[in-house]
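Visitor: Could you look at this predicted model? Sequence included:
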Amino acid sequence: MAGIYWLISKVMLFWHTVWDSILPDHRVLSTNWQWVLAIVFLVITVRVVLFPIFVKQIKSQRAMQAIQPKMKELQEKHKGDRETLQKEVMKLYQEEKVNPLMGCLPMFLQIPVFIGLLHVLRHLRPGMSDHSMELYGWTKSEFLSAVDARLFDAPIVAKFSSSTAELLKIDASSTTVKIVAAILVALMITTTYLTQRQMIKKTGWNTDPQQRMIQKFMLYGIPFFTLTSGWYFPIGVIIYWVTNNAITLAQQYWVLHKYPPPASASTNNVPFKNGAKKAADTKQPSGLGALFAKAREDAAAQQRANGKGAAKATGAKANGTAPEATGPSRAPKPGAKPINPKKGGAAKRQSG
């Protein structure tokens, strides 16, 4: 992992040098923006490198949607035979050249970067020897500058769970650190949930139980992980996570609107609201709902009966058989004058 730590350090130090030459060399709004932007652009660098893989992820999700009808057929055909179903599903993946793990690959590839940044920021603490300060390509001045870097007066190396003794070493207020860290953790949880919800809302729930389990883990499991562990992350790491989520939201919005997913033939593979509505429609009504449903069924049956009667009368007329009269006859009586005056004039001329 030393190579990852060295690489993360070099990228972050590069962007710090760039922004240090542009921005003033003092805090603005109690923030050292050179270091904050160095972390932000570390995220941007990683996302640019991983963009081709992100495109493959979207294509993989499209391919998974395209085979959902076949997947459903296999589930119905091999219902109760889990072993055979798994074999047939793997065979289907091979035939259609679909890799279900591709949907999670970008996240997995970012894990080493996240761990590397976490290690580097935890390494930045006062009282280190000169040799330790110069690990992973840092200089002593860069090391001390990063230790003292702040976001709204909260050190980026501090954590919500930092002890009072640790905060005294870096001259930080416990209240300020906890407020800033709590806000960032809330943003981290919210944006993590929204990135997954955005994708599922647009593409729908997968009908494959294993894929749906992965979707539920991504939607609920990852935000829960950030809730339970975010308090132990340095503020700089949370900045990285929130920035990464914000870029993901923008990237997914652009891709999903430019290349919308195909309409799914499965009623289970629908977005949140539509899925809930369709699922509710499939339930059997009860109580007043049952009475209204019965009334609708009776009305529909009456309409079908009327339609059959009209079709029967039309068929009789075509065959030359007139239906029996059920009301008073509207035919003219013998000797009565014709109603149409033109026809009446023609009749007089003929009689003359």
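Guide: The structure has been received and is ready for your questions.
Visitor: W35 versus L42, what's the distance?
Guide: 11 Å (CB to CB, to the nearest Å). Yep, even glycine has a C-beta here, placed from its N, CA and C like the rest.
Visitor: Can you spell out which helices and strands pack onto the helix or strand hosting T191?
Guide: When secondary structure is defined by DSSP states H and E, T191 falls within helix 174-203. Helix 174-203 is packed against helix 33-66, strand 154-155, helix 164-169, helix 222-229, helix 235-258, helix 272-281, with contacts defined by 3 or more CB pairs under 8 Å, 6 or more residues apart in numbering; DSSP states H and E.
Visitor: Name the residues of that helix that are buried.
Guide: 176-178, 180-181, 184-185, 187-189, 191-196, 199-203 (16 or more other CB atoms under 10 Å).
Visitor: got the angle for the helix or strand hosting T17 vs helix 33-66?
Guide: In this structure, T17 is located in helix 2-20 according to DSSP H and E. Using axes from the mean of the first three to the mean of the last three CA atoms, to 10 degrees, the inter-axis angle of helix 2-20 relative to helix 33-66 is 120 degrees.
Visitor: And helix 2-20, what does it pack against?
Guide: Other elements packing on helix 2-20 under the criterion 3+ CB pairs under 8 Å, 6+ apart are helix 33-66, helix 105-123, helix 140-147.
Visitor: Between the two ends of stretch 164-180, how far is it?
Guide: 16 Å (CA to CA, to the nearest Å).
Visitor: If you average the pLDDT over that stretch, what comes out?
Guide: Rounded to a whole number, the mean pLDDT of stretch 164-180 is 93.
Visitor: again with stretch 250-264
Guide: For stretch 250-264, mean pLDDT is 72.
Visitor: Could you do stretch 216-231 as well?
Guide: Computed over stretch 216-231, the mean pLDDT rounds to 83.
Visitor: What residues of that stretch count as buried?
Guide: M218, L219, I222, P223, T226, G230, W231.
Visitor: which non-adjacent residue is nearest T243?
Guide: For T243, the nearest residue in space outside its immediate sequence neighbours is V43; the separation is 4.5 Å by CB to CB, 6 or more residues apart in numbering.
Visitor: roughly how far apart are the one you found and N245?
Guide: Between V43 and N245 the distance, using CB to CB, works out to 10 Å.
Visitor: same check, this time on Q251
Guide: When CB to CB is applied, the distance between Q251 and N245 equals 11 Å.
Visitor: Have a look at these two and say which one is more surrounded.
Guide: N245 (22 against 16; other CB atoms under 10 Å).
Visitor: Now do the same contact list for that one.
Guide: Contacts here follow CB atoms under 8 Å, 6 or more residues apart in numbering; on that basis N245 touches M188, T191, T192, L194, T195.
Visitor: Make a markdown table from those and add pLDDT to it.
Guide: Formatted as a markdown table, the contacts of N245 follow (pLDDT from 0 to 100):
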| residue | pLDDT |
| --- | --- |
| M188 | 93 |
| T191 | 91 |
| T192 | 88 |
| L194 | 89 |
| T195 | 85 |
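Visitor: and which of those is nearest P126?
Guide: Each of these was checked against P126 using CB to CB; the closest is M188, at 26.2 Å.
Visitor: which outside residues touch stretch 9-26?
Guide: By CB under 8 Å, 6+ apart, the residues outside stretch 9-26 that reach it are 33-35, 37-39, 41-42, 45, 117, 120, 136-138, 142, 146.
Visitor: could you flag which of these are buried?
Guide: Neighbour counting by 16+ other CB under 10 Å classes 33-35, 37-39, 41-42, 117, 120, 136, 138, 142, 146 among these as buried.
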